[in-house]
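Visitor: The following comprises the amino acid sequence and a computationally predicted model.
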Amino acid sequence: MRLPLTSRRDIGSRVTPSRQGSIGTTPGPQRDIAVTAAETVALVLDEKSPLPESAGEVVELARRLRGHIGQLGAVVPPGAPALRGAQQLASAGVPDGYMPSRVHLVKLAEATQALVAAVQAHGGVPAKPMRRRRWWRPQLNVLRGSVFAVAFALLALAASAPRA
C-alpha cells in the first residue's frame, strides 16, 4: 500500500523567481490548521484507509501528526486536558516493532483528533497569525558603498592632517 503523504492541496508553496533572479518559494494560500490535521488523522483512523506497510510510512505519519499537535497546541487554551496528553504522546518516539508502532500511531492520531475538537470548540483557528514588524534590511551593495564612503572620508581626513 502506498499512502499519499502529500497531496496537491497540502503543498503550501509555489516556486517563483525572487527579485534577485534566483528561484525561491513564496507561500500559497493558507489552509485551516484544523482541516489539515483532520485529513492526516483520517489517513490513520479511517476504516477505508489501510495500515501503513513500512516503518518509514509510520515514521512519516507520526512526524506529520507531531507537527499538527505543535500547531494546534498554540491555538488551544493552555488548560485544555487534551493538550497535555497529546504533547506527552508527541514527545515519545515511535517504538520498534510492527504492532507497537501502529498502536502508537493510532494513539497519536486520536490525541490529534481530540485537539482538533478542542480547537473547534474553542472557536477555531485565527485566520492570519499576527506578524511581527520586520525591519528594512539594506542590500549588500548599499552596505559595501557606505563602508567605502566612510573609508574614503577617513583617508581624506588623514591625508589633510598636518604632519608633525
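Guide: That came through fine. For clarity, every value in this text was computed on a predicted model and none was experimentally measured. Numbering: from 1, shown residues only.
Visitor: Could you pull out the strands in the chain for me?
Guide: In the chain, the strands defined using DSSP state E lie at 13-17, 23-27.
Visitor: Wait, Gln71 touches Ile33, no?
Guide: Yes - between Gln71 and Ile33 there is a contact under CB atoms under 8 Å: 5.0 Å. Backbone N, C-alpha and C define where each C-beta goes, glycine included.
Visitor: between the two, which one's more packed in?
Guide: Of the pair Gln71 and Ile33, Ile33 is the one with more neighbours under other CB atoms under 10 Å, namely 20 against 16.
Visitor: Contacts only, for that one.
Guide: Listed by CB atoms under 8 Å, 6 or more residues apart in numbering, the contact partners of Ile33 are His68, Gln71, Leu72, Val75, Val119, Val125.
Visitor: Where is the longest helix in the protein?
Guide: The longest helix of the chain (DSSP state H) is helix 98-122.
Visitor: Can you pull out the residues in contact with it?
Guide: Helix 98-122 has contacts (CB under 8 Å, 6+ apart) with 33-34, 37-38, 40-41, 44-45, 51-52, 55, 58, 61-62, 65-66, 68-69, 72-73, 75-77, 80, 82-83, 85-86, 89-90, 92, 94-95, 125.
Visitor: Please repeat the previous calculation with a cut-off of 6 Å.
Guide: The contact list for helix 98-122, computed with CB atoms under 6 Å, 6 or more residues apart in numbering, reads 34, 37-38, 41, 44-45, 58, 61-62, 65, 68-69, 72, 75-76, 80, 82, 85-86, 89, 94-95.
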